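**Student:** Sequence and predicted structure below; questions after.
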Amino acid sequence: MQANSDPQHVQADVPPHVIRQVLHLLRDRGHDPQRLCKGLGFTLENLRESDFRVSYRQTNLFVSRAMQLLNDPGMGIAVGARQTIVSFGLPGLGMLTCPTLGEAFKYLIGYQHQAGAFTANQVIVDGRQGIIEVGARFHDPDFEPFFIEEVLVSGVAMARSLVGSHFRPARIELRYARPAYGSAYSEFFRCPVVFGAEANRAICDINWFQCPLSTYDDFMQGSIQEQIDQMLKPGRPNHDLIESIVTLLRASVDEMPGLDEIACALNFSERTLRRRLAELGVSYQFLSDKVRYECSLELLKRTRMPLFEIALATGFSDARNFRRAFKRWAGVLPNQIRISQGYGGELN
């Protein structure tokens with residue numbers, strides 16, 4: 001993992017939606033995607049975790065590797081075309097609570113960050129037209145077409161799943177020049193495609209935006225959206241290096257690997273990794289203690305495991321050392337957590 005001068009590039013604050021969809025495409029085409037994750041700070045299993053987040057830099061590197069492996073510069077179209085409502089997680093499911101297609105798009109775009117978008121998107125209603133406009137959040141001309149394609153194509157794919165396969169925009173406009181695979185746009189969108197335009201937009205007849213959704217239930221809309229709102233509250237983003245280290249530590253908290261092992265997994269030298277952490281104002285000891293504390297607290301609250309088993313599960317040789325460390329982290333002893341959970345005392 002290499003450093004990047006733009007701090008926004010390394011904020012691990014977006015669900016790995018794009019990476020997941022590229023992985024599906026790789027598997028569909030007969031490739032094992034495991035090796036594409038090497039050195040990026042995550043595994044295929046991490047991509048199944050609901051709270052796992054990635055940065056633009058990690059996503060960009062993964063997409064670049066996949067493009068080289070598939071030799072497909074138009075990969076964004078293929079990735080977008082295979083997506084469904086479920087692909088976007090809770091924001092996608094929230095679309096099903098909306099009365100019309102236009103309202104569903106507005107709902108999704110309201111949660112675009114939580115849905116994994118690396119673009120800045122908006123819905124515009126202009127007279128007899130409904131417009132989805134897509135802008136690049138990061139200045140990266142080499143990869144802008146991929147991310148624009150992925151958003152616009154997946155949007156049309158979802159519209160077809162919601163209102164019928166006969167859905168098509170009136171026109172697609174794209175800021176960049178026509179690529180060599182330009183005919184693929186017309187084949188998928190089934191409408192005129194204009195390159196070198198002022199903005200990236202899918203322009204639709206307003207009648208499509210007003211099309212009712214069969215999944216709408218006016219009694220359930222409010223309560224379901226309220227539950228989704230609560231679950232999608234954003235957390236504080238981490239630097240992707242810190243997120244990667246924490247992810248690796250959680251996967252092996254019972255053995256707690258040393259800094260040298262973590263450095264090797266992330267394609268760093270131990271010295272370089274130590275320096276990078278110092279630049280971020282955090283130590284490896286702090287991160288390993290943080291992971292141990294969080295895991296032990298979870299086991300104390302949600303299980304009746306004896307303390308010596310929790311100690312072993314979090315990398316301690318015995319319960320005595322675990323008690324001391326937990327008191328240092330939490331300010332209370334483990335049995336006090338157990339009492340607060342209604343167990344009535346310590347499980348030895």
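**Tutor:** Thanks, I have it.

**Student:** lowest-pLDDT helix or strand in this protein?
**Tutor:** Ranked by mean pLDDT, DSSP states H and E, the weakest helix or strand in the chain is strand 238-239, scoring a mean of 76.

**Student:** Can you give the strand pairings for that strand, parallel or anti for each?
**Tutor:** strand 11-12 (antiparallel) (DSSP bridges).

**Student:** Please pull up the helix or strand immediately following the strand it pairs with.
**Tutor:** helix 17-28 (DSSP states H and E).

**Student:** next one: that next one to chain centre, how far?
**Tutor:** A distance of 12 Å separates the centroid of the chain from that of helix 17-28, by CA atoms, centre = their mean, to the nearest Å.

**Student:** Stretch 82-90 too?
**Tutor:** With CA atoms, centre = their mean, you get 12 Å for stretch 82-90.

**Student:** how long is it from one end to the other?
**Tutor:** 18 Å (CA to CA, to the nearest Å).

**Student:** avg pLDDT for it?
**Tutor:** What stretch 82-90 shows for mean pLDDT is 92.

**Student:** what residues does that stretch touch?
**Tutor:** 15, 17, 20-21, 24-25, 28, 92-93, 95-96, 108, 111, 114-116, 154, 157-158, 161-162, 228, 231-232 (CB atoms under 8 Å, 6 or more residues apart in numbering). C-beta here means a position set from N, CA and C on the backbone, and glycine is covered the same way.

**Student:** Excluding chain neighbours, what is closest to residue 249?
**Tutor:** Closest residue in space to residue 249, ignoring its immediate chain neighbours: residue 291 at 4.3 Å, by CB to CB, 6 or more residues apart in numbering.

**Student:** part of a helix, is the one you found?
**Tutor:** Yes - the assignment for residue 291 by DSSP: H, G, I helix; E, B strand; the rest coil puts it in a helix.

**Student:** how many neighbours does it have?
**Tutor:** By the criterion of other CB atoms under 10 Å, residue 291 has 22 neighbours.

**Student:** pretty sure it contacts residue 251?
**Tutor:** No - if you go by CB atoms under 8 Å, residue 291 and residue 251 don't touch, sitting 9.7 Å apart.

**Student:** And the helices in the stretch 1-150 of the chain?
**Tutor:** 17-28, 56-70, 75-81, 89-95, 101-110, 144-163 (DSSP state H, counting those that start in this stretch).

**Student:** So which elements touch the second one?
**Tutor:** In other words, helix 56-70. helix 17-28, helix 75-81 (3 or more CB pairs under 8 Å, 6 or more residues apart in numbering; DSSP states H and E).

**Student:** Tell me which of these lies nearest to residue 273.
**Tutor:** Of all these, it is helix 17-28 that lies closest to residue 273, at 23.0 Å by CB to CB.

**Student:** Could you name the helices and strands sitting against that closest one?
**Tutor:** Checking 3+ CB pairs under 8 Å, 6+ apart, helix 17-28 ends up next to helix 56-70, helix 75-81, helix 144-163.

**Student:** Could you pull out the buried residues of the first one?
**Tutor:** Put plainly, it is helix 56-70. 56-63, 65-67, 70 (16 or more other CB atoms under 10 Å).

**Student:** Nearest to residue 336, out of the residues you listed: which one, please.
**Tutor:** Nearest to residue 336 among those, with distances taken as CB to CB, is residue 58, at 39.3 Å.

**Student:** hang on, the closest one packs against residue 41?
**Tutor:** Yes - with contact defined as CB under 8 Å, residue 58 reaches residue 41; the gap is 6.7 Å.

**Student:** What is whichever strand or helix holds residue 295 packed up against?
**Tutor:** Using DSSP H and E, the element containing residue 295 is helix 284-302. Helix 284-302 sits against helix 240-251, helix 270-279, helix 307-313, helix 319-330, helix 334-340, with contacts defined as 3+ CB pairs under 8 Å, 6+ apart.

**Student:** Reformat these into a markdown table and put mean neighbour count and distance to residue 121 next to each item.
**Tutor:** Converted to a markdown table, those look like this (neighbours: other CB atoms under 10 Å; distance: least, CB to CB, whole Å):
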| stretch | mean neighbour count | distance to residue 121 |
| --- | --- | --- |
| helix 240-251 | 21 | 23 |
| helix 270-279 | 15 | 33 |
| helix 307-313 | 19 | 43 |
| helix 319-330 | 16 | 42 |
| helix 334-340 | 17 | 44 |
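
**Student:** so can I have a markdown table of those helices showing distance to residue 189 and mean pLDDT?
**Tutor:** A markdown table is the format used below for the helices and strands packed on helix 284-302 (distance: least, CB to CB, whole Å; pLDDT from 0 to 100):
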| stretch | distance to residue 189 | mean pLDDT |
| --- | --- | --- |
| helix 240-251 | 34 | 85 |
| helix 270-279 | 44 | 87 |
| helix 307-313 | 52 | 91 |
| helix 319-330 | 55 | 89 |
| helix 334-340 | 56 | 82 |
